[in-house]
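**Student:** pasted the sequence and its predicted model underneath.
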Amino acid sequence: MTTSNLQAAFNEVVHRVRSATVHVYDRRGRGSGVVWADGLIVSNAHVVREPYPTIETAAGTARGRLIARDDRRDLAAIHVDLRGLGVRAADLRDAATLRAGEFVLAVGNPLGLSGAVASGMLRSAGRRFVVSDVRLAPGNSGGPLTDAAGRVVGINSMVHGASAYAVPSEAVRAFLEEEGFVWRAA
Amino acid sequence: MTTTEQSPLVALSNDLAAAVARSAPSLVYVDGSARRDATGVVWSAGTIVTVDHTLERDDEIALVLEGGRRIDATVAGRDPSTDLAVLHATVDLPAAPRSARNDLAVGHVVLAAGRDEDGVLGASFGIVSVLDGPWRTWRGGEIDTLIRPDLTLYAGFSGGPLLDATGALLGINTWGLSRRTALTIPLKTVARVVEQLETRGSIARGYLGVALQDVRLPEAIRAALGAGRRHAAIVVDVAPGGPAERAGLALGDVLLAIGDTAIEGADDVQRALGGDTIGKRTTIEILRGGARQAVAATIGERPNRDDE
């Protein structure tokens, strides 16, 4: 395995994750979101405070509609017409299948930067949080945490010390099912 | 587009997770403090190595294994100078595979691992950031190699392993030897300390038999000593019959050097009295009545902590 192979693989997976990541903002807050399925963006409840957040990508903007939120899990679901935004649905993976020592990536829009990438290693995947040492900044909230293959395992939610906490993909699924949405198979 | 199966990034990620999994059966959570989490590594059958600074008590130590099972452990020995402690427990866990490599270099990928209070395994990774020769800790312990890993050492990872990319043990990680950075106690030091703790329960340390206080040196003396020396250590008590008394050291003598070690405070005396000095005839440079003198002392062995 050569360094350039590894670099190419890294570039490829970052490109793939970016293509499923959007800006989410309203007049009161700004963060990131994951294209969970066609027409459905998942983000943090603490990012989406108003009923009609703007969804932005490099290709354009669209008006979203907040359709569900769960403050306890810190999750929000936004309906949006994705046509023309140049994004696709993310690949998904159950966080419970992660093993300590796997690589993780965070993509988001911290500090106004688009598609910024942070990498680190999984510490542990619990029922409430996926804990890793990726270096997050405020605009990462609501964006994807993925495995080394670019499959989303969580929604980046908060930072405490050196640890980054993401809401596990299973909790997103439970949230969506409770709200009457159907989980799309990974 | 690279498929998931072919991606070298995924392959590397899987390899590192496998390396962590290889050491996992030998890792336990150490419950020896109400406030501080620590990890322990199975060194040999029934013997667990951890760090000293997170042990707040000498009894009622518990270990938490994979799956959350708790078992009792006893303290076999502690060495604050190297921040290592040895625990005994009746448990059938395999010893951590040790690295046989001697080519560790700055830039090599390394892993840290630990367990939390529920026994859940955790890991982090980085590279070897600094490698250097032998050094002495702030408490006088002799460490064979300076290893500073650049990785996230979570609070409960003290006492846990530094692993190479195959999952073999390189040393024990700790926050207890530097205020600023996590360091790794190398295998060679761990092996030496464990052997001594298992046989004696403590680490042999040199002993002079004096109580000391830091003291400021007068201007005239400073000029004579040169090299910006401002402080030394003054003798405030001499143990009857101890090495210092036999060498003729007296109350009020100011220690300037022991052997090759300059004394700029009481801490330096601890540093100068490593286990290797025991029984050695050593020149002690002192200031007595304003004049510099040299006396010869035979360094003794510090009594065990139980006898102190």
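**Tutor:** Alright, I've got the coordinates.
**Student:** which other helices and strands contact the lowest-mean-pLDDT helix or strand in chain A?
**Tutor:** Using mean pLDDT, DSSP states H and E, the weakest-scoring helix or strand in chain A turns out to be helix A:3-18, at a mean of 90. Helix A:3-18 makes packing contacts with strand A:103-108, strand A:144-146, helix B:8-23 when contacts are defined by 3 or more Cβ pairs under 8 Å, 6 or more residues apart in numbering or on different chains; DSSP states H and E. Every C-beta, even on glycine, is put in place using the N, C-alpha and C of the backbone.
**Student:** any idea which of the ones you listed is most buried?
**Tutor:** Between those, strand A:144-146 has the highest mean count of neighbours, a mean of 32, where neighbours are mean count of other Cβ atoms under 10 Å in any protein chain shown.
**Student:** returning to what we had before: off-centre distance for the least confident helix or strand of chain A?
**Tutor:** Relative to the centre of its chain, helix A:3-18 is centred 18 Å away, using Cα atoms, centre = their mean, to the nearest Å.
**Student:** tell me the angle of it relative to helix B:8-23?
**Tutor:** Orientation check (axes from the mean of the first three to the mean of the last three Cα atoms, to 10 degrees): helix A:3-18 against helix B:8-23 gives 100 degrees.
**Student:** just the CA coordinates for helix A:3-18, please, in PDB.
**Tutor:** The C-alpha coordinates for helix A:3-18 follow below in PDB (Å, rounded to 0.1, in the frame of the first residue of the first chain):
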ATOM      1  CA  THR A   3       1.000   6.700   0.500                       C
ATOM      2  CA  SER A   4      -0.500   8.000  -2.800                       C
ATOM      3  CA  ASN A   5      -3.000   5.100  -2.800                       C
ATOM      4  CA  LEU A   6      -4.100   6.100   0.700                       C
ATOM      5  CA  GLN A   7      -4.300   9.700  -0.300                       C
ATOM      6  CA  ALA A   8      -6.400   8.900  -3.300                       C
ATOM      7  CA  ALA A   9      -8.700   6.800  -1.200                       C
ATOM      8  CA  PHE A  10      -9.000   9.600   1.300                       C
ATOM      9  CA  ASN A  11      -9.800  12.200  -1.400                       C
ATOM     10  CA  GLU A  12     -12.400   9.800  -2.900                       C
ATOM     11  CA  VAL A  13     -14.200   9.200   0.400                       C
ATOM     12  CA  VAL A  14     -14.200  12.900   1.300                       C
ATOM     13  CA  HIS A  15     -15.700  13.800  -2.100                       C
ATOM     14  CA  ARG A  16     -18.400  11.200  -1.500                       C
ATOM     15  CA  VAL A  17     -19.300  12.400   2.000                       C
ATOM     16  CA  ARG A  18     -19.300  16.100   0.800                       C
END
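**Student:** report the buried residues of that helix.
**Tutor:** For helix A:3-18, burial by neighbour count (16 or more other Cβ atoms under 10 Å in any protein chain shown) applies to A:9-10, A:13-14, A:16-18.
**Student:** mind putting the helices and strands packed on helix A:3-18 in JSON lines, mean pLDDT and distance to residue A:116 included?
**Tutor:** As requested, these are exported to JSON lines (pLDDT from 0 to 100; distance: least, Cβ to Cβ, whole Å):
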{"stretch": "strand A:103-108", "mean pLDDT": "95", "distance to residue A:116": "6"}
{"stretch": "strand A:144-146", "mean pLDDT": "98", "distance to residue A:116": "12"}
{"stretch": "helix B:8-23", "mean pLDDT": "96", "distance to residue A:116": "18"}
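**Student:** out of the ones you listed, which gets nearest to residue B:254?
**Tutor:** In terms of Cβ to Cβ, the element of the helices and strands packed on helix A:3-18 nearest to residue B:254 is helix B:8-23, at 50.5 Å.
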